[in-house]
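**Q** predicted model follows, preceded by the sequence.
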Amino acid sequence: MTTQQLTEQIRKKKSFLCIGLDVDLNKIPQHLLQEEDPIFAFNKAIIDATHQLCVAYKPNTAFYEAYGLKGWKSLEKTIQYLNANYPEIFTIADAKRGDIGNTSSMYAKAFFEDLGFDSVTVAPYMGRDSVEPFLAFHDKHTIMLALTSNAGAFDFQTLKVNNKELYKEVLEVSKTYKNSRNLMYVVGATKATFLADIRKIVPDSFLLVPGVGAQGGNLQDVCKYGLNKHVGLLINSSRGIIYASNQTDFAQAAANKANELQQEMEVILNSQS
Ligand SMILES: O=c1ccn([C@@H]2O[C@H](COP(=O)(O)O)[C@@H](O)[C@H]2O)c(=O)[nH]1
């Protein structure tokens, strides 16, 4: 999917919501545990109930890898279900990969070719040759960690390097990477005010913004500092949506939570045009 198609979907659905599919077997409704594949059964119900309210889904691979081969199968079934039934949805494998070049090529092949995701998150720490293998894939997107939502972001990301904060250096240098047009960036919703400076460096890039909901990030603040003329934001909420209820009404409860965010987004988008 191209960024233009993604923007068209945002305008059509009046939503720039990304729903995180972070499935924890201890948190899903107990009746699903009788299913052959409880994780997929949970995801399918959530997706069917919410797909009109969001433009993206983001499974974090940790929640699948934790269950070994079975978990990876559930991830595969989830992305296949999305691609077959809702091809207009942008899909994000939140895997935070990145390694020496030939290894990164294999990670990229795994997520883009084998699984068929539209995008994958990567860590910038190993530099250019760890990221460019992902960027080489046509119409696929590499979402680089810039300023993360957690408290530990301040351990390194805001330290000064070359007289500027490290996250700013990451943004600047990444723009010189081959096929950098395929880059998006992760910026935590808990760091909303930083978005003003971030937009000076990457005015046109899409930003994936996790941290609304369970982590306390504020949608209005993120939009105030982060929106651009193409919207340019994908706001992620995982636990705040998918665990709205652990009873048989869980999918409808998730849809209600997603609807609340979508309605807020619609107002923001209407005020922009
Ligand atoms: O800076 C970051 C980068 C990634 N994440 C991931 O996003 C979701 C957030 O889940 P919530 O339940 O909405 O808090 C999760 O997969 C994180 O690993 C992040 O939170 N911050």
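**A** Now that the structure is in, tell me what you want to look at.

**Q** now do the helices in this structure.
**A** 3-13, 38-50, 62-65, 68-85, 101-108, 128-135, 153-156, 166-174, 195-201, 219-226, 239-242, 250-272 (DSSP state H).

**Q** and the nearest residue to Asp139 once chain neighbours are set aside, how many neighbours does it have?
**A** Nearest residue to Asp139 in three dimensions, chain neighbours excluded: Thr2, at 5.9 Å (CB to CB, 6 or more residues apart in numbering). Every C-beta, even on glycine, is put in place using the N, C-alpha and C of the backbone. When neighbours are counted by other CB atoms under 10 Å, Thr2 registers 11.

**Q** where does the prediction get shaky in the stretch 151-273 of the chain?
**A** Within the stretch 151-273 of the chain, no range satisfies pLDDT under 70.

**Q** please work out which of the helices of the chain is packed deepest.
**A** helix 239-242 (a mean of 23; mean count of other CB atoms under 10 Å).

**Q** on that earlier part again, now for the helices of the chain, which one comes closest to the ligand?
**A** helix 239-242 (3.4 Å; CB to the nearest ligand atom).

**Q** if you count contacts, what does that closest one end up packed against?
**A** strand 17-20, helix 38-50, helix 250-272 (3 or more CB pairs under 8 Å, 6 or more residues apart in numbering; DSSP states H and E).

**Q** so the first one, near the ligand or not?
**A** Think strand 17-20. Yes. Using CB under 6 Å from any ligand atom, strand 17-20 reaches the ligand at Gly20.

**Q** can you give me how far that strand is from the chain middle?
**A** Mean C-alpha position of strand 17-20 versus that of the full chain (CA atoms, centre = their mean, to the nearest Å) differs by 7 Å.

**Q** over to stretch 58-70?
**A** 15 Å.

**Q** cool, and stretch 136-155?
**A** 9 Å.

**Q** same check on stretch 247-264?
**A** With CA atoms, centre = their mean, you get 19 Å for stretch 247-264.

**Q** repeat for stretch 159-171
**A** 23 Å.

**Q** same thing with stretch 166-175?
**A** Distance of stretch 166-175 from its chain centroid, counting by CA atoms, centre = their mean, is 20 Å.

**Q** if we look at it, which residues are touching it?
**A** 124, 128, 131, 144-147, 156-162, 164, 180, 183, 185, 194, 197-198, 201-202 (CB atoms under 8 Å, 6 or more residues apart in numbering).

**Q** for it, C-alpha coordinates in CSV please.
**A** Output of stretch 166-175 as CSV, limited to C-alpha atoms (Å, rounded to 0.1, in the frame of the first residue of the first chain):
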residue,chain,number,x,y,z
LEU,A,166,20.0,11.7,19.5
TYR,A,167,16.4,11.2,18.3
LYS,A,168,16.8,14.3,16.1
GLU,A,169,20.1,13.0,14.7
VAL,A,170,18.3,9.7,13.9
LEU,A,171,15.7,11.5,12.0
GLU,A,172,18.2,13.7,10.1
VAL,A,173,20.6,10.9,9.2
SER,A,174,17.8,8.5,8.2
LYS,A,175,16.6,11.0,5.5
